[in-house]
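**Student:** Build me a model from this:
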Amino acid sequence: MVIHPKIRGFICTNAHPVGCAAHVQQQIDYVKQQAPLTMVPQRVLVIGCSTGYGLATRINAAFGAGAKTLGVCFEKEPSDKKTATAGWYNTAAFHAAAKKEGLYAHTINGDAFSDEVKHEVIERIKEDFGQVDLVVYSLASPKRKDPETGELYSSSLKPIGQPYTTKTYHTDKDLVTEITLEPATDDEIAQTIKVMGGEDWERWIAALHAAGVLAPQAKTTAYTYIGKKLTWPIYGHATIGKAKEDLDRAAAAMRERYTDIQLEAYVSSLKALVTQASSAIPVMPLYISLIYRVMKEEGTHEGCIEQTHRLLRDALYAENPELDEAGRLRMNGWETNDATQAKIEKLWDEVTQENFHELTDYAGYHSDFLKLFGFGIEGVDYDADVDPVVAW
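**Tutor:** Presented below is the predicted three-dimensional model:
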């Protein structure tokens, strides 16, 4: 079939297999151009491995350090009449590239919140390499089913305490407008913490530890976004922020709990980027379009692959990593420093419907959005007939 993007609201409902493979290869090529990540261990588990920061971490570990990587994701496979999700094609491309270079790669496709998938991962680790040295937790999901009670929790993107009115950009309508978000209820806050907080990360580490498959001095990290003034009302001081605080609690608890193996647990705060998750959050398309312009002008812009490469090289496996007051690894300083934020805030105050495309780098935002689904990649013929059915 000939596959062109089908965009509905803030999501793209299809993906291009050749484009996704080309995008993965671009990231692999970047990693190969850097110095080897000699400190990164050889046995890596990535929970949430098929898109964004999780995929980029897996690529860096495999092609930058030669690591064996085991991944977990939840992706929809293709049929003759319908494309797979982008994460499916990304994973297929990663597997093909790893096989070509003799690198171990295995991916389990299923609900990472479930105990069944945790058990399957543990058995695979035992069978294939005994223990893991690094566990990366990079899940983004709107819902989570509690494996003990069977209750389904749903996350909310709402402020806390009082309504919040701010500018936003509707990508589907090309419209800058104001949006008012009503405050979350106590139940919505609690459910968001259940979905996006540290509970499942802790369950993963507990299961791996109980099974004896966490290596001595293993490390684990969960990814988060902190932001600054412009995004605090919807990110920091909001339902998501409460969930992120729970990640900090979980990291501290695990450091205390697993002293027998000297587990190192960190939350890694990364920069704002176009991802399938961030595209759904009010304010973020406008904010990211502005930081893209400012950070590109400053020469500090990074994508997922560059950011995770620097995380592994300069923070997670540095001798004395720099931590913030909450014990997090902070990789977002190039975005959140006062000078850069002042430029962004000035543009934020100035931007209107009339000057939006002049003041922002929405072109860069939209390009990165399309690339998430394998579209807009140079060298790919999007008018060619392609087979949507691709196996891992």
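
**Student:** which helix in this structure runs the most residues?
**Tutor:** helix 239-257 (DSSP state H).

**Student:** ranges for the strands of the chain?
**Tutor:** Taking DSSP state E as the criterion, the chain carries its strands at 7-8, 11-12, 43-47, 68-73, 105-109, 132-137, 143-145, 152-154, 164-170, 175-181, 214-224, 264-269, 329-330.

**Student:** can you list contacts of the last one?
**Tutor:** To tie it back to what came earlier, the one meant is strand 329-330. Residues from elsewhere that reach strand 329-330 (CB atoms under 8 Å, 6 or more residues apart in numbering): 221, 226, 266-269, 311, 315-316, 321-324. All C-beta atoms are positioned from the backbone trio N, CA, C, and that covers glycine.

**Student:** any idea how far that strand is from the chain center?
**Tutor:** Distance, stretch centre to chain centre, for strand 329-330: 15 Å (CA atoms, centre = their mean, to the nearest Å).

**Student:** show me what contacts residue 350?
**Tutor:** The neighbours of residue 350, taking CB under 8 Å, 6+ apart as the test, are residue 359.

**Student:** quick one: it and residue 170, what's the gap?
**Tutor:** In this structure, residue 350 lies at 19 Å from residue 170, with CB to CB, to the nearest Å as the measure.

**Student:** picking up where we left off before, pull out the buried residues from the contacts of strand 329-330.
**Tutor:** Among the contacts of strand 329-330, the ones that count as buried by 16 or more other CB atoms under 10 Å are 221, 226, 266-269, 311, 315-316.

**Student:** Identify the farthest-apart pair in the residues you listed.
**Tutor:** 226 and 316 (17.1 Å; CB to CB).

**Student:** Nearest to residue 185, out of the contacts of strand 329-330: which one, please.
**Tutor:** With CB to CB as the yardstick, the closest approach to residue 185 among those comes from residue 226, at 24.1 Å.

**Student:** Looks like that closest one contacts residue 333 (just checking).
**Tutor:** No - with the criterion set as CB atoms under 8 Å, residue 226 and residue 333 do not qualify as a contacting pair; they are 10.6 Å apart.

**Student:** Would you mind listing the residues touching both of these two?
**Tutor:** With CB under 8 Å, 6+ apart as the test, residue 226 and residue 333 reach no residue in common.

**Student:** picking that back up, got JSON lines for the strands of the chain, with mean pLDDT and distance to residue 207 too?
**Tutor:** As requested, the strands of the chain are exported to JSON lines (pLDDT from 0 to 100; distance: least, CB to CB, whole Å):
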{"stretch": "strand 7-8", "mean pLDDT": "88", "distance to residue 207": "37"}
{"stretch": "strand 11-12", "mean pLDDT": "88", "distance to residue 207": "32"}
{"stretch": "strand 43-47", "mean pLDDT": "98", "distance to residue 207": "11"}
{"stretch": "strand 68-73", "mean pLDDT": "98", "distance to residue 207": "12"}
{"stretch": "strand 105-109", "mean pLDDT": "98", "distance to residue 207": "14"}
{"stretch": "strand 132-137", "mean pLDDT": "98", "distance to residue 207": "11"}
{"stretch": "strand 143-145", "mean pLDDT": "96", "distance to residue 207": "16"}
{"stretch": "strand 152-154", "mean pLDDT": "98", "distance to residue 207": "19"}
{"stretch": "strand 164-170", "mean pLDDT": "90", "distance to residue 207": "38"}
{"stretch": "strand 175-181", "mean pLDDT": "91", "distance to residue 207": "36"}
{"stretch": "strand 214-224", "mean pLDDT": "97", "distance to residue 207": "10"}
{"stretch": "strand 264-269", "mean pLDDT": "96", "distance to residue 207": "15"}
{"stretch": "strand 329-330", "mean pLDDT": "94", "distance to residue 207": "24"}
